[in-house]
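[1] Give me a model of this one.
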Amino acid sequence: MLNIRPITKDDKEIFLALSHEFYNSPAVLSPIKEEFHENTFNELMRSREYLECYILEYDGQLAGFGLLNFSFCHEAGGKIVWIEELYIREDFRSHGIGRAFFAFVEENHPAMRYRLEVEKENERAVKLYKKLGYDFLEYDQMIKDVE
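    Model (predicted):
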């Protein structure tokens, strides 16, 4: 049985552990600075304006987390929900948790567009996302990090 619940202040250690696992996995380009994990948790506790996080539990065990980011997009004609991070621990993959999380997001966060990033080499994730109706956006992204 899957339980998807909003993160609480009591979940700090859980979030930090899962976030570290995620950012040390092949799903991301590289680990992030330690302070970024703390900054994200602090923002989650400050407000739900930009971010929401859900803890995923399967049969009473910690299975992962999902982090959502919200914005408005002129091109999409309204609100966008970014599935910023979806991390499911290895032992819990292929149990329908990812599919259920996406259904939960669409049901609880109506938007004009849902968006995510994926490493093309992550074939299992790409296959799931395509089954759920996602396709590649033909834009290249550029970033500028500010210290």
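[2] Just grab the bridge partners of the most centrally placed residue in the chain for me.
    Closest to where the C-alpha atoms of the chain average out (CA atoms, centre = their mean) is residue 85, at 2.2 Å. Here residue 85 sits in beta bridges with residue 67, as judged by DSSP bridges.
[3] give the contact list for it.
    If a contact means CB atoms under 8 Å, 6 or more residues apart in numbering, then residue 85 has 19, 22, 65-67 as its contacts. Placement of C-beta: from N, CA and C, glycine included.
[4] For residue 15, see how far away it is.
    Residue 85 sits 11 Å away from residue 15, going by CB to CB, to the nearest Å.
[5] Find residues that contact each of the two.
    By CB under 8 Å, 6+ apart, the residues touching both residue 85 and residue 15 are residue 65.
[6] State the pair within the contacts of residue 85 that is farthest apart.
    Maximum pairwise distance in those, criterion CB to CB, is 11.8 Å, between 19 and 66.
[7] which neighbours do the two share?
    85, 87.
[8] For the nearest residue to residue 96 once chain neighbours are set aside, give me phi and psi.
    Nearest non-adjacent residue to residue 96, counting by CB to CB, 6 or more residues apart in numbering: residue 2, 7.5 Å away. Taking degrees, to the nearest 10, you get phi -90, psi 130 for the backbone angles of residue 2.
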